[in-house]
Each structure stands twice: as structure tokens, then as C-alpha cells.
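Undergrad: my questions are about this predicted structure, shown below with the sequence.
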Amino acid sequence: MICRRTLALVASLLVAAQSVSQERAVLSAIVEARRLAEIKQDEDALLVLRDARDRVTRIEDASVRRRLQKSVDDLIADLDPLDRDTEKAREAAARALLKPAQAYTRRKWNRAALPLLELVAALSQKVGEKPLERAQSALGTGAGAAARDGIQAWFGKGVGFAGAGYWKVEEGIAESPKLQGGLSVGLRSERRTEGDCRIQIEVLASDKPSKASICFAMEPSKNGDDYYILELRHERGFSDLRLLHYGVNGRLDEMANIPLAMSRAERAAWTELTVDLAGDRITVDVGGLERAEARSVTPDLEGCLGLFVSGDSSFKDPVRFRNLRVTPL
């Protein structure tokens, strides 16, 4: 079996190889641009150099990156007297677009801000690089993603809390057992959420009538007897997202219900569920399109997470979960 240290070494070598590959590509572009300029094909040379300018930003070694950046910029300046004005205009456009993006991030609407910040970074790395990295980190994506998140990190040592059967957790996907005898199946994490946070996960069941849920605010000492359930439910002719509370008395109360307009193709695809826990407020979201809010009925919303499939689902085959991110609000 390959040890973690070996995997980390392989990963670092791959990153280094990619960086070297980018460096060689930039050097080749500089040579090609000079050749094109010598035969008076200045526009073609400029296009080659603009591609090289983008590649320079992906080089890991800062000293190499700065040296090649200067070479590319100097050549572009010789070929295109409009380049400096163009870059100033792009930077001005980037700063203008950055304002609404920052307004979204101040509201902690990082998913709304992300596409804007990607445009800002495309217009100007200087203006957009850091804000984009912060948004990606908050969402658990990109280079700033926290390694402590993910299905494996949360459920690799999970504990069953409902029904029976083997949950398969590997390669970033958790797969439930088949439903048998009308029994529900659930897998609870040993790790706990702390404070205000956002929980995001993608679920996949079927375009047929089916159910897939994530649970939160679970207490191991009670073996999950008091917790919340966010359930994506597909029935014949309709779909909805339900927020439920399962209490210690065995009572199941519906706290919110969002009707969903989903085609069969959408029902059969991965769907992202989001839960925001802030104080006593629970805000749920499906696919970034539909939202609902409810007040908690428990003293706090900290606790373990769970993956759950209700035993009354008519879809008995395994349900899958992936791309779990837990980020502070």
C-alpha cells in the first residue's frame, strides 16, 4: 500500500512538472514570437505573447515567474503601443466589477461573488487574484480549499445510526447500502461542526421517485435521536426540498418545504444542497436557486453530520453523496 508521504511526494512532483511545463511553453512562445516579428507578422506574434502572459501566472517559482513576465511584457510593449492603454482599461474594468463582487462577499454570498471574481481575475490578475483566492477558500474550492473538508475527512470513520448495511466511502464519494425491509439507513460523522457555518454537499439518487438527505446538529450521546434533516425528495410529478426535525420523542416535524421545478434529466444529475447555520437561523438552498429559512427548535445547531436515506423511499438502490464542504460563516 502506498503511504501518505509517498502520495504527497508524487503530488508535489506533479505540481513541479506542471510548473516546468509552463516555463518551457513560455520560453517557446518567446522564441516563436521573435521569429514571427522578424518576418513582419506582428499581430500573430502578439497573440502568441498574450497566451504566454497567461501561462506565466501559472509558474510556481516566483523568481522565474518575474523574469519571464518581464521578458514577455517587454516584447509586447515593442510590438503593441496600445498594450499599456489596453491594460489600464482592463484594470479599470476589473476594479469596477470588483465592487459588486465585494458587496456579495460582505453578505457572505460567496457563490454569487465567485463568477464575478473569476471575470475580475481574467481581466486583471493584479486586481482579482487575492479576492478570488479568498472566495474559493470560503467555498472550499480552488487552491485555498481546506484539506480537512470532504466526504473522506468527515465520514471515513463514520458510524451507522439507522438501519443496517455497509456504507462505502472511497474516492470522495459515500454510497449508501440498498434499502431493505423498509428500514432507513444513516451514517453519522464523529466530527462536529462548531459555531456558525455553511454545509454544502452534492447528492445523486435517481430521476425516479427517490429520497436523499443530509442531517446536522446530531448528538452522538443521544445516538442521533435529536437532529435536523434536509431531504431532497422526488415523487411522481413533483420534487421538493424538505427541512425536518426529528426529536427525542420520535416525532418528525416539517419546518420548511420548497417546491422544485426539475426535469427528469435534472433529477438524475448531481444536485447541490446547502445549509447555513447562523445563531438560531437555518437557511437551506438547493442548486443556488431556491431558498427557505426557519428557526431552530434546539438550544444550538452544533453537532455531528449525517448522511441519510429514508426507508419509505421507493428507490431502493444505493444513493451517493460527494463534494462535502463545511466552511465558517
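TA: Nice, thanks for sending it over.
Undergrad: just the helices in the stretch 201-329 of the chain please.
TA: For the stretch 201-329 of the chain, helices defined by DSSP state H, counting those that start in this stretch occupy the ranges 264-267.
Undergrad: measure Arg192 to Thr57 for me?
TA: Arg192 sits 39 Å away from Thr57, going by CB to CB, to the nearest Å. Any C-beta I mention is one placed from the backbone N, CA and C, and that applies to glycine too.
Undergrad: what does the helix or strand hosting Glu118 rub up against?
TA: Element membership for Glu118 (DSSP states H and E) is helix 110-123. Outside helix 110-123, the residues that touch it by CB atoms under 8 Å, 6 or more residues apart in numbering are 90-91, 93-94, 97-98, 100-102, 104-105, 127-129, 131-132, 135-136, 138-139, 288.
Undergrad: one more pass at 6 Å, please.
TA: 90, 93-94, 97-98, 101, 104-105, 127-129, 131-132, 135, 138-139, 288 (CB atoms under 6 Å, 6 or more residues apart in numbering).
Undergrad: now swap in stretch 182-193 and tell me
TA: Against stretch 182-193 from outside (CB under 6 Å, 6+ apart): 154-155, 157-159, 161-163, 165, 167, 176-177, 218, 224, 302-311.
Undergrad: what helix or strand is Val169 located in?
TA: Using DSSP H and E, Val169 falls in strand 168-170.
Undergrad: give me the contacts around that strand.
TA: Here strand 168-170 has contacts from 155-156, 175, using CB under 6 Å, 6+ apart.
Undergrad: hmm, 8 Å instead?
TA: If you take CB under 8 Å, 6+ apart as the criterion, strand 168-170 is touched by 151-152, 155-156, 158, 174-175, 187, 318.
Undergrad: give me every residue that touches Leu277.
TA: Per CB under 8 Å, 6+ apart, neighbours of Leu277: 193, 196-199, 216-217, 301, 329.
Undergrad: hmm, back to that, tell me how far the helix holding Glu118 lies from the chain's centre.
TA: Relative to its parent chain, helix 110-123 has a centroid offset of 14 Å by CA atoms, centre = their mean, to the nearest Å.
Undergrad: in that helix, what's buried?
TA: 110-114, 116-117, 119-121, 123 (16 or more other CB atoms under 10 Å).
Undergrad: and the angle from the very next helix or strand once past that helix to helix 110-123?
TA: Once helix 110-123 ends, the next helix or strand along the chain (criterion: DSSP H and E) is helix 125-139. Here the directions of helix 125-139 and helix 110-123 differ by 160 degrees (axes from the mean of the first three to the mean of the last three CA atoms, to 10 degrees).
Undergrad: could you point out the helix or strand that follows helix 125-139?
TA: In N-to-C order, the element after helix 125-139 by DSSP H and E is helix 151-155.
Undergrad: for that following helix, what is the average pLDDT?
TA: Averaged across helix 151-155, pLDDT comes to 89.
Undergrad: check which helices and strands whatever helix or strand comes next after it sits against.
TA: Sequence-wise, the next helix or strand downstream of helix 151-155 (DSSP H and E) is strand 159-162. The helices and strands touching strand 159-162, judged by 3 or more CB pairs under 8 Å, 6 or more residues apart in numbering; DSSP states H and E, are strand 185-193.
Undergrad: mean confidence for the strand it packs on?
TA: Averaged across strand 185-193, the pLDDT comes to 91.
Undergrad: and what of stretch 283-296?
TA: 84.
Undergrad: which of the residues in it are buried?
TA: 283-287, 292, 294, 296.
Undergrad: next secondary structure element downstream of the helix or strand of the chain with the lowest mean pLDDT?
TA: The helix or strand of the chain with the poorest confidence is helix 4-38; it has a mean of 63 (mean pLDDT, DSSP states H and E). Counting by DSSP H and E, the element after helix 4-38 in chain order, helix or strand, is helix 42-56.
Undergrad: good, we can wrap up now.
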